[in-house]
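Student: Got a sequence here, can you model it:
(chains A and B)
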2 protein chains.
Amino acid sequence: MSVGSGAILKDGKVQVTFWPEGERVRVPLEATLLDAAKIAGVDLASSCGGDGLCGKCRVIVKQGNVTAQPTSLLSREEIRRGYVLACLTKVVGDVEVEIPPESRAEAAQILIDVDAQRFRALHPVGGEIEVRAAPLIRKLYLDLPRPSLDDSLSDQSRLFREIRRQRPAPIMQLGLKVLRTLPKLLRDADWKVTVTLGWRGGTLEVLQVEPGNASGRNLGVAVDVGTSTVVAHLLDLDTTERMDAEAVYNSQRAWGDEVTRRIVHAGTPGGLDELQKAVVGNINGLISALVQRNNIALGDIAAVLCAGNTTMTHLLLGLDPTSIRKTPYIPTSAASPPVRAVEVGIQINPRGLLYTIPSIGGWVGGDVTAGIFAVGLRRSKKVQMLIDIGTNGEIAVGNCEWTISCSASAGPAFEGSGVKHGMKAMHGAIERVEITPEGAVHYRTVGNGRPRGICGSGLIDLIAELYKVGFIDRSGHLAPGKTERVRERDGMLEFVLAPASRSETGQDIVITQADLSNLLSAKAAIYAGTEVLARAIGLDFREVERVYIAGGFGNYLDLEKALAIGLIPDLPLEKIRFAGNTSILGADLGLLSEDAWQELHAIAEAVTYYDLINYPNYYDEFLAARFLPHTDLSRFKSLKRSQEVEACI
Amino acid sequence: MSVGSGAILKDGKVQVTFWPEGERVRVPLEATLLDAAKIAGVDLASSCGGDGLCGKCRVIVKQGNVTAQPTSLLSREEIRRGYVLACLTKVVGDVEVEIPPESRAEAAQILIDVDAQRFRALHPVGGEIEVRAAPLIRKLYLDLPRPSLDDSLSDQSRLFREIRRQRPAPIMQLGLKVLRTLPKLLRDADWKVTVTLGWRGGTLEVLQVEPGNASGRNLGVAVDVGTSTVVAHLLDLDTTERMDAEAVYNSQRAWGDEVTRRIVHAGTPGGLDELQKAVVGNINGLISALVQRNNIALGDIAAVLCAGNTTMTHLLLGLDPTSIRKTPYIPTSAASPPVRAVEVGIQINPRGLLYTIPSIGGWVGGDVTAGIFAVGLRRSKKVQMLIDIGTNGEIAVGNCEWTISCSASAGPAFEGSGVKHGMKAMHGAIERVEITPEGAVHYRTVGNGRPRGICGSGLIDLIAELYKVGFIDRSGHLAPGKTERVRERDGMLEFVLAPASRSETGQDIVITQADLSNLLSAKAAIYAGTEVLARAIGLDFREVERVYIAGGFGNYLDLEKALAIGLIPDLPLEKIRFAGNTSILGADLGLLSEDAWQELHAIAEAVTYYDLINYPNYYDEFLAARFLPHTDLSRFKSLKRSQEVEACI
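Tutor: Purely as a prediction, here's the structure:
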């Protein structure tokens, strides 16, 4: 394809202009438009990392010379209107490009998991699990005894002695930078100082000494470093209050939605550094927003504690994740030591520490360790289960005596990726759906505005409703002819959820047959994981006292519908709880309680990692689960009953 | 004074040229010649730090404009020949200056304490004290079990597990920089690697991981950071062999010979930094020389362990020493944590550690801790005494149950400072002296060359001999008329040790009445310290089983003569041992044995610091000891006897 004409500059570079911003960059001849967008710093959606598979990076070439590879992800009408996929399109002259709203990698605010507010009950103030409030970082105000000929300890020993009077600390550390400022500071402050103490690998470090009583400003940031979303909580470590929260898309998505794609990129020259900088930039952005909004100083934040899957933690710390991907799936570090936050580029107090929650093993990372802790699974005498539905699906089952966990490669469909109009739970996302047998669609959006797409909870609702009214069959295939909303476009069936006239984007919001296939694969991977894990240990699901569903589903998750589509094992509804984002809850608690921090490490050590690859029939189980609710209906007896009952009414 | 003429450059700066090097610098108008020499990097002796008191910075103005303050430290003849004191002379135009040989702050090699070789017996191979050879830094060659699905520990945990199989290590640390290189390194090296481990504040740190078996190159450097001299030993930490040694003057001497003067300078803007850089430069220079001569790599040195007095340790680490000088004499740190050597500018392996031996308190520093350990005082059931004659004199007395120590402000006279022709034990220094009753002088110089000056052991001999033959009286006053060698110059008596015709410098080598006065003060301060310390604890010197004399006396110390002048308490000669430089011996052992390192810390904790200022009559004791051997001859009964015996022969 060639559109218009453009001059090639003498240095072999050409100019690309992105509209509506009017952002101009000069890029080498034959660069792709996706590369040009990265260079320009223009947000452009891309789930597959530039392989022409996801169809998200749609842009409109207004003027100039490009060559584009053919793709089935654009309709004839779209191609006519100038649409190309940025990743498949190379510039061969100066180009002017428009980025339509739906192709924005939104920097807009993601809905913070408000349901998680319920989980304040987890906080030390009481509730499901109780931990002692004893933050990892503490500020102690000290009025030191003045030195005399009879008490002529050094400044350092005097400080240590007083700290030890207030806290047990077998091994104490103090950096040279702090020591250098100590004598003048102590004397100028008339021996009244506030020390900031942080646990560091079994030792207690004096991170900072401030004059006078500065003990009232002891803040920390807990971060859930998700594959698609990064969420941060600002915590008052003394009062245990969660002051504020903020979330952003993980900028690493530019290199692919899936963890494996980022591991591959990390193996290319400079790749690890790019990925590290991307997520550190996100965290700094979140902290910066929290700091500004709450009118606090960066220096008052002396710790960041991150929960993430094993790869996310590696990329954050700049550790090579390559071996995680290859058998026998070995991480560089499962329990990385706390490091100075500034060493990875995180901007808080220059002496502040970065903690990462230890991984359980292989693909089961610190986010799951956090989740297991947060729901109290390891404190329960009865068997409980945690299903964390994120970009991967992780499952843990056990009790206080034994726990086993695995990672099911569910893919990010329930996070809105790999789904044509999928999106995170943010303004304009359809989060609840009801469909009448007549084909009338009722939905609710986050923020109650016009719909822009559909998020995870909406997708679960949608599948359950489509199945209930018979617009899809048990294998998830759309049935043409039953409603006008099922139609064919570019050779594929799709269901129209909201017409262009009602949507925010001016496009029909649809779910395609390919989307449904992806979603069924995702739910099958998760269900098969629970099944295989139970079989591996000879567990009958009836023995499970409680199932916690975790994930960034925003406001809402209809557990009944999750059960109806066979996402989770068939158990009485009262046994199932939606737990919200348990990763960040565990991170919060780790920061607020040194006991919790110890317990997180004990969990990472104690929980058995089960690799699904070990189970010979995992793929068979997966295929059997790709039906609604499952090929084997005997596994969903209660569901069958309730549907029969419904049919009777 | 104004000599010749010179042009002032337009920028208000003038040019100073130092001969014989021909080194030219431009300095502001009114700068002193001493400042100009510092800027030019020309070595110029200065003991008093530029106050016109020591008379060491004598230079000859050959041409140009200067203004000089009057001084009594130059003879009329010298002034006639163009001599000025560089510190009292300001430039007011371009100047050409000659630095005579005697004014050189010699960078030439200082005699390494070869007597200390005897103290190899202290090494773990056996001898006076035995310690287990277990270096602070260890290299372990590991052939790691390959990861598998059944053994899927992370790289870090795999490494830690294998290290723990070979060494107990409750808390292990690993820096992010090492962790980042780990996965590739382990796999490229086929899981055969060598780890460098270092103890760090009760934790064991993996400092470095190298491919293959690199366990044969495990070197360390022990340093005695003396006020006047810095001595370094290169040690093979695996074989415990002392490979080589090197010494240099402490460049901080440019700011004064005495510790107090440097503390004052450290309190001026930029002063601490200058002093820190000066000594770090010395240490780097020593290491560089050791590395080149022994054809080793800097990277093979993973630790430097320094022994120094409290102030020297502060200046090395860049810690403010101001409070050490003022009552109640509080150091910033008495036991500084090990730090990355590069953090203070010491150039060894970039991950290498700098250890400093902990101080006992106040002015009694890590050099004395090292000495107490090296002579085995804290292991003895019987009472022993250590007298360390350095720039200060430090005394410790005790046994395995109790030990007390103090610092006597002896000043650096026995190190050759404050003595007109005093010098360190280096080539050309007179180290032994005999004087016949007829006034014939026999001496021996280090290296047997022509004399350039006189070092500590020579000064002790000289006083004892002058007293023996009656050329000085009990108060140290030269008796004119008994020999032609006693003469008057510029209103002061002096004794001619070697005439100009025999000396290397072309000047008479003399000892002046002022020198003798300084020396008697130094010996009195030390003796009074021993006396006061003994009284403070009600100790009779006869209970002392052994006295160790330590100090950088080079090849030789005549203990009988040290006794004769009353430098040390009157004890049978067989109870007295010359122990050489015990500071660096303790440093050697600390580096070679983690048990020794523990014991050094235990000593610093256990030994009581006694401030002489606490003792009401210290000054009286000092004055009483300013006679030969002492005012109270009953304290030197054995000596009296032996002199009587001698007289009979």
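
Student: burial count for the closest residue to A:Gly506 other than its chain neighbours?
Tutor: Closest residue in space to A:Gly506, ignoring its immediate chain neighbours: A:Ala500 at 5.5 Å, by C-beta to C-beta, 6 or more residues apart in numbering or on different chains. In this view, the C-beta of every residue, glycine as well, is placed from N, C-alpha and C. A:Ala500: 11 surrounding residues under other C-beta atoms under 10 Å in any protein chain shown.

Student: ok, A:Ala500 to chain B distance?
Tutor: 50 Å (C-beta to the nearest C-beta, to the nearest Å).

Student: same check, this time on A:Tyr609
Tutor: Using C-beta to the nearest C-beta, we find A:Tyr609 at a distance of 7 Å from chain B.

Student: OK, contacts around that residue?
Tutor: A:Ile360, A:Gly361, A:Gly362, A:Val364, A:Ile404, A:Ser405, A:Cys406, B:Ser152 (C-beta atoms under 8 Å, 6 or more residues apart in numbering or on different chains).

Student: Looking at these, spot the one nearest A:Arg132.
Tutor: Within those, proximity to A:Arg132 (C-beta to C-beta) peaks at A:Ile360, which comes in at 24.0 Å.

Student: related to what we said a few turns ago, so the residue nearest to A:Gly506: helix, strand or coil?
Tutor: coil (DSSP: H, G, I helix; E, B strand; the rest coil).

Student: now A:Asn349
Tutor: Per three-state DSSP, A:Asn349 ends up coil.

Student: Near it, how many other residues are there?
Tutor: Counted by other C-beta under 10 Å, the residues lying close to A:Asn349 total 21.

Student: Next: A:Gly345.
Tutor: Residues near A:Gly345, counting by other C-beta under 10 Å: 16.

Student: Surely it is in contact with A:Asn282?
Tutor: No: under the criterion of C-beta atoms under 8 Å, A:Gly345 is not in contact with A:Asn282, lying 11.3 Å apart.

Student: pLDDT weak spots in the stretch 101-250 of chain A?
Tutor: A:105-128 (pLDDT under 70).

Student: Near chain B, which residues of it? Just list them.
Tutor: A:147-149, A:151-158, A:170-176, A:179-180, A:182-184, A:187, A:201-203 (C-beta under 8 Å from any C-beta of the partner chain).

Student: Can I have the buried ones of these as a ChimeraX selection?
Tutor: Selection of the buried residues among those in ChimeraX, burial being defined by 16 or more other C-beta atoms under 10 Å in any protein chain shown:
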select /A:147,152,153,154,155,156,157,158,171,172,173,174,175,176,179,180,182,183,187,201,203
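
Student: Let's see which of the residues of the stretch 101-250 of chain A next to chain B end up in helices.
Tutor: Among those, the members found in helices (DSSP state H) are A:Asp155, A:Gln156, A:Ser157, A:Arg158, A:Leu176, A:Leu179, A:Arg180, A:Leu182, A:Pro183, A:Lys184, A:Arg187.

Student: of these, closest to B:Asp490?
Tutor: A:Pro183 (44.8 Å).

Student: what's near enough to touch that closest one?
Tutor: Contacts of A:Pro183 by C-beta under 8 Å, 6+ apart are A:Asp155, B:Leu319, B:Asp320, B:Thr322, B:Ser323, B:Ile330, B:Thr332.

Student: Which stretches in the stretch 451-600 of chain A count as helices?
Tutor: A:456-468, A:513-536, A:559-564, A:582-592, A:594-606 (DSSP state H, counting those that start in this stretch).
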